[in-house]
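Asks: My questions concern the predicted model and sequence given below.
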Amino acid sequence: MAHQEGSQVGNRRAFLTVMAGAATGVVAGGIPAIVAAQKAPSFPKGTRLNVLEWVSFVPASDVEFKRLAAEFGKVAGVEVTVDQINMNDLNPRIASAIETRSGPDIIMMISNWPHLYADGLADVDDVAEEIAKRDGAYYEHNKKVSVVDGRWKAVPLCSVPSTWAYRDDWFKEAGAAKFPDTWDELRKVGTELKKKNRPLGQAFGHSLGDPNNWAYSVTWGFGGAEVDDKGKVIINSKETIEAVKFTVAFWKDCLDEGGLAWDDSSNNRAYLAGTISATINGASIYFVAKRQFPDIAKATNHAHMPKGPGGRFYNIGGQGRAVMKYSKNQQVAKEFLRWFMDRPQYDKWMAANDGYVVGPTPYWEKHALWERDPKLVPFKEASKYGRWPGYPGPPSRKASEALVKYILVDMYAQAIKGMKPEDAAKWAESELKKAYA
Amino acid sequence: MARRVSPAASAVPVPVVVAVPAARRPGGLGRLLEREHILAGVLLTPALVILTLFIAYPFVLGIWLAISDKVVGRPGAFVGLENFRVNLNDTIFLRAFQNTFVYTFIATFFKLALGMVAALLLNHHFRFKRIVRASMLLPWIVPTVLSTLAWQWMFDATFSVFNWMLLNAGLISSRILWLGDGTMAMGCLIAVNVWRGMPFFAITLLAGLQTVNPDLHEAAEIDGANAWQRFWRVTLPLIKPIMLVVVLFSMIATFADFQLIYVLTRGGPYSSTHVFGTYAYEIAMRAAKLGQGASISLSLFPFLLAVIVFQLWYIRRSD
């Protein structure tokens, strides 16, 4: 037993030495150097690592992730398996894993999930802080959603921002040489576009991403917020009411009336079918256009969320990867995350994503892929303006409750359906007070 | 010992003597099993274990969760009826409550009415009767998620095939947003539920119709009863027990429906189509509040129990 433990420690040391060498020497040698430096399996034979991931909207991302996982398996002498499930199924899977104390060793975390599941997650301070020391400080939203009560509960992995995808040619025809920089300017151009039967598109239903992207970003952009930094509900403010009034006017003047019935894929389809001229989305519209509708891809560009009186904001929760507290392989799991986030590996994974994901630190703004296609630059910059649900309060469980009840989204949706903006804000206040009670 | 019979001699019936082992008194276990109440207990045990593991335990756990402040990853503490008090002050819960009843009662009414019409039609002899009867079951057989995705396309705000047909037929001048308005969306959900559940009614009622003795119809006809009177006075009373059982099953399933609504609207727009199932899922799974979510789910229980007790009592009384 003592011998086994000793050999395990020895092997781990060897592995860590390789890792440390990799951290400094990878630029020159990359993965082959690590593999070449590997003398023997670093963990006891039969060690397994199970990673639970979503099915990415960019298939190449999954392929590369699995390839890297297998690579790590070889380097560390560990049998790595990657399971993938739909994003919608992650919550119940995580809940059951934590409650039964069994399941994957590493699980993908989206947005503020580390706060929701903090009690079931191991601390990963060492890995998270090591990355920050090497690559520079994390973007604020990546850090906020991953740190719970001063402890890192997930290693920030990336963000998947949504910017405006728009038809450059149609905007020019409507008199906009470039995409408007403020919400008011966008409304003017949008009005012209809708007159030409080329409305903008935005979902206001109950799908996971798009409706919230509008609701939170626009509220912040006009200076409103659901709570203050101490968690006190402040939604019923002059600023929020202005945001709601603006949205109602924007709906009438600029948006496709289908939005209340849309889910997260409706705007993709409408844009690619040429029935809308712009919409807030991840880079997936552009990727599909490049593959299937080259003319649309050629005419498509991306732009930042416009500024409002309160500034420019994106609702970006970010993604992290958490090591589960019940896992017997926490050390291996951490080593995997440390290795994956190291530059040679992460560089490849980010390249496979082709602009769909943004790194968790500004270091990755220097990635070569941003030079290849300037149309993707707004994605690269979006994280600077990224905020989390519940901002400026903490991304807590309460913020999650407000999110899953779609309180902000429904405040806008009800106003669009005819409720007075003041009443909509009052309704949201009463619901938020219950969620934040 | 058995006597061997040669094949040549087999033409003549020969009494075969089979050696029967001397009757032995059963051993200890055998003696125990001979007692009826012990044998009954042994035979019932597997079913009891299965019921306890898969029905009683989850149910009791559900009740415990509903009266606790359990969240994922933390042990829950007893909070009494606090979760239910919170629910009663929650406008989305109250909306889901109302929606669940509207959805269940309207959908069940139409499933019964249309199912009965279909069953009466299918009870006649016509060409390709079997193929029609079998194809009738398709909506019920296809996995709900798949068929609902097809409906999602048909209700799509931009590409709805219904809108395309209505626009081309000149019946509407602008597209209808099927899922864009609370009332309209609820109507669509009910329509899809009826489409999916009606075959179950039709086939079950058809089975009931086939047990009705044609002589009774003939006798009623001779007595001058018209088709409606024959249906109302003869057919309906005879198939009432089976009808009530189908309604009972369907109401339970419709009360607890989840997939169809979650795929089509996720409770939107503006929480206008949430039912207990979808709202409980959002709170328990996406907000990780297992206790609160269980209390939303459990709110269904008293009503389901009342429906079941009433219907079973009614069926028994009819018998």
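Replies: Okay, I see it.
Asks: Please make it C-alpha for all contacts and neighbour counts, starting now.
Replies: OK.
Asks: the helices in the stretch 201-319 of chain B, which residues?
Replies: Along the stretch 201-319 of chain B, counting by DSSP state H, counting those that start in this stretch, helices occupy B:214-222, B:227-230, B:236-255, B:259-264, B:276-281, B:290-298, B:301-318.
Asks: List the buried residues for the third one?
Replies: It refers to helix B:236-255. The neighbour-count check on helix B:236-255 (16 or more other C-alpha atoms under 10 Å in any protein chain shown) flags B:236, B:238-239, B:241-248, B:250-252, B:254-255 as buried.
Asks: residues in contact with the spatially closest residue to residue A:422 that is not a sequence neighbour?
Replies: Counting by C-alpha to C-alpha, 6 or more residues apart in numbering or on different chains, residue A:422 lies nearest to residue A:241, which is 6.0 Å off, once chain neighbours are set aside. Going by C-alpha atoms under 8 Å, 6 or more residues apart in numbering or on different chains, residue A:241 touches A:421, A:422, A:425.
Asks: For those residues, could you give me CSV that also reports secondary structure, distance to residue B:30 and pLDDT?
Replies: Below are the contacts of residue A:241 laid out as CSV (DSSP: H, G, I helix; E, B strand; the rest coil; distance: C-alpha to C-alpha, whole Å; pLDDT from 0 to 100):
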residue, secondary structure, distance to residue B:30, pLDDT
A:421, helix, 80, 98
A:422, helix, 80, 98
A:425, helix, 76, 98
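Asks: ok, and the most crowded of these?
Replies: residue A:425 (27 neighbours; other C-alpha atoms under 10 Å in any protein chain shown).
Asks: count of residues packed around the residue nearest to that one when sequence neighbours are not counted?
Replies: Leaving aside its sequence neighbours, residue A:425 sits nearest to residue A:236 (C-alpha to C-alpha, 6+ apart; 5.0 Å). The tally of other residues near residue A:236 (other C-alpha under 10 Å) stands at 21.
Asks: Quick one: residues contacting residue A:236.
Replies: A:422, A:425, A:426, A:428, A:429.
Asks: Next, work out how far apart the second one and residue A:401 are.
Replies: Which is residue A:425. For residue A:425, the distance to residue A:401 (C-alpha to C-alpha, to the nearest Å) stands at 18 Å.
Asks: can you list the domains in the chain?
Replies: Assuming you mean chain A. Structural domains annotated on chain A: A:2-158+A:318-375, A:164-315+A:395-435, as defined by automatic domain parsing.
Asks: that's the other chain; I wanted chain B
Replies: B:25-66, B:82-318.
Asks: Give me the residue ranges of chain B where confidence is low.
Replies: B:1-26, B:318-319 (pLDDT under 70).
Asks: Need the three-state assignment for the closest residue to chain A within it.
Replies: Minimum separation of chain B from chain A (C-alpha to the nearest C-alpha) falls at residue B:180, amounting to 4.0 Å. Classification of residue B:180 by DSSP: H, G, I helix; E, B strand; the rest coil places it in coil.
Asks: which residues does the nearest residue to it once chain neighbours are set aside contact?
Replies: Nearest-residue entry for residue B:180: residue A:261, 4.0 Å, with adjacent residues in sequence omitted and distances by C-alpha to C-alpha, 6+ apart. If a contact means C-alpha under 8 Å, 6+ apart, then residue A:261 has A:203, A:204, A:205, B:156, B:157, B:177, B:178, B:179, B:180, B:181, B:265, B:269 as its contacts.
Asks: again, only this time at 6 Å
Replies: With contact set as C-alpha atoms under 6 Å, 6 or more residues apart in numbering or on different chains, residue A:261 has these partners: A:205, B:179, B:180.
Asks: do residue B:317 as well
Replies: Counting by C-alpha under 6 Å, 6+ apart, residue B:317 has no contacts.
Asks: Can you give me the distance of it to residue A:320?
Replies: 61 Å.
Asks: Equivalent analysis for residue A:96, please.
Replies: 19 Å.
Asks: higher neighbour count, those two?
Replies: Per other C-alpha under 10 Å, whichever of residue A:96 and residue A:320 has more neighbours is residue A:320, with 25 against 16.
Asks: okay, the more buried one: pLDDT?
Replies: Predicted confidence (pLDDT) at residue A:320: the value is 98.
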